[in-house]
Each structure stands twice: as C-alpha cells, then as structure tokens.
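Visitor: My questions concern the predicted model and sequence given below.
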Amino acid sequence: MIIKIVLLVLLIGPFQPSSSSIIVWSIVEHSRVYFLLRPYEREVKLWATNAMNWDVVDYRSTILIYYRLLYDSILHNDLDKAARYCGILLALLLKAKGLDSDKYISFIDAVDWDQIRILDMTPEEMVDLWLTSRAEDRCEVFRLYASVSLSLLERMPVNSFIRILNTPYLREMYVVNLALILLTSAYFVFKKSRLEGGGVELEAPP
C-alpha cells in the first residue's frame, strides 16, 4: 500500500525527464508498441529514469527478465505494468554499457530511423550482441542500441486479437459475443427456411 502511495505521488507530482528517459521514449515512439503505450509516456520516462540509478549485478539476466515481464504484461493487456517494464528494459540496455545519455541524446534527431535494422535473432542473442559489442563510434553505438531495442519491441504481442484471447475478462466477453452471433445467425437461417419451404418436413422411415 505504501509503495502504491509513493508511486502515485511520483506520477502526479512534478517530474523532469532525464536524458536517458528521452532516449528511451524516442525508441518507443518508433516501435510497434507505441500505439499501446502512447498514453503512458510519463510512466515510461519515470521508470527509465529510476532504473538508471539501480545497482545491477547481472545485466544479461536482468534485462531478459524485464523483456519477459514486458511480453507477458502486453499479452495480458496490463498496459500500466507494460509501461513500467518497457522503461526499465530500455534504460537497463543503456546502463549496461555505461553510456552517458547526455552525449547520445543529440543522435535522436540525426538518426535515420527507417534505416535501423530489425534483427532476426532470439532475445538472448540480441542482448548478447549488445553487451559484447566493441563499437566505439557514438553514431554506430546509438544505431546498434536502437536496432537491438526496436528488435526486442518488434517481438511484442501487440495484435489485438491475441491480446483479447489472453486477457481473462475480454476473452470471456469475446466468447459470449461470438456465441450470441452464432445463435442469432442460426435462428435467422431457420426462420428463412420455414418461410421459403413452408416448414421442415420429416421423411417417413423406409
């Protein structure tokens, strides 16, 4: 309860976005999850800012944990948690390489987002590629960060039908509505056959 109150105060009170949170949000804006998380910009930036102050022992496992948490929260349509996990995930990718966000924020407007490559790799392979990269040119480093980040977000289950089927309340509503549609269709087919054929006649046994 106390944690929820503290979080509510942070979300309502004044918040100055950090350079890391601005970089993180620029990734979200160019990703396929943007239409889902657009109303949660403040939450994404807040958690991205907080995550940059965390002490992390194993970046690889921690990043992959938050990737899976993000995936599950989107799958079950829990977008408030998805915003939190997305901000943390993208911020930890930055922090894992010790990047100075202030020095990379200028690349947001300079990069050609249409040229960022979506990687055909598993999440584990993408994270390993980022963590083991030896690139030194800042522009190249930012492009690789954007490529890995967008590739991870590209794998999110944003399809509305899939999310409906995996969200308990919405799933039940969908099944009920589908059943009603089928029953209504069957009723009108039966009525039409009665009107056109004068009723359904049973054949006598041979």
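Guide: Here it is on my side, so go on. Because the structure is predicted, anything quoted here is derived from the model rather than measured. Numbers count the residues shown, from 1 in each chain.
Visitor: Which residue ranges make up each domain of the protein?
Guide: Following automatic domain parsing, one gets these domains for the chain: 2-160, 167-197.
Visitor: Helices of the protein, residue ranges please.
Guide: Along the chain, counting by DSSP state H, helices occupy 2-12, 19-29, 34-37, 41-51, 59-75, 79-96, 101-104, 107-110, 123-132, 138-154, 160-165, 168-197.
Visitor: quick one, what contacts Lys45?
Guide: By CB atoms under 8 Å, 6 or more residues apart in numbering, the contact set of Lys45 is 15, 17-18, 21-22, 24-25, 87. Where you see a C-beta, it was placed from the backbone N, CA and C, and this is true even at glycine.
Visitor: Might you report the residue contacts of Leu150?
Guide: By CB under 8 Å, 6+ apart, the contact set of Leu150 is 27, 30-31, 116, 118.
Visitor: Can you add distance to Arg155, neighbour count and pLDDT and give the contacts of Lys45 back as a markdown table?
Guide: Output for the contacts of Lys45, formatted as a markdown table (distance: CB to CB, whole Å; neighbours: other CB atoms under 10 Å; pLDDT from 0 to 100):
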| residue | distance to Arg155 | neighbour count | pLDDT |
| --- | --- | --- | --- |
| Phe15 | 29 | 13 | 67 |
| Pro17 | 26 | 16 | 79 |
| Ser18 | 26 | 20 | 88 |
| Ser21 | 23 | 26 | 93 |
| Ile22 | 24 | 16 | 94 |
| Val24 | 18 | 29 | 96 |
| Trp25 | 20 | 22 | 96 |
| Gly87 | 18 | 30 | 97 |
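Visitor: distance of Val111 from Ile65?
Guide: Separation of Val111 from Ile65 (CB to CB, to the nearest Å) stands at 28 Å.
Visitor: And for Leu92?
Guide: Taking CB to CB, one finds Leu92 at 10 Å from Ile65.
Visitor: returning to what we had before: okay, the domains of the chain, which one's buried deepest?
Guide: Highest mean neighbour count among these (mean count of other CB atoms under 10 Å): domain 2-160, with a mean of 17.
Visitor: mind checking which helix or strand of the protein has the lowest mean pLDDT?
Guide: helix 2-12 (a mean of 49; mean pLDDT, DSSP states H and E).
Visitor: Surely Ile27 is in contact with Leu90?
Guide: Yes - Ile27 is in contact with Leu90 according to CB atoms under 8 Å; the separation is 5.6 Å.
Visitor: Any regions of the chain where pLDDT drops low?
Guide: Scanning the chain for pLDDT under 70 picks out 1-15, 160-206.
Visitor: residues contacting the closest residue to Ala82 other than its chain neighbours?
Guide: Here the nearest residue to Ala82 in space, its sequence neighbours aside, is Ser73; by CB to CB, 6 or more residues apart in numbering that works out to 4.1 Å. If you count contacts by CB under 8 Å, 6+ apart, Ser73 has them with 79, 81-82, 85.
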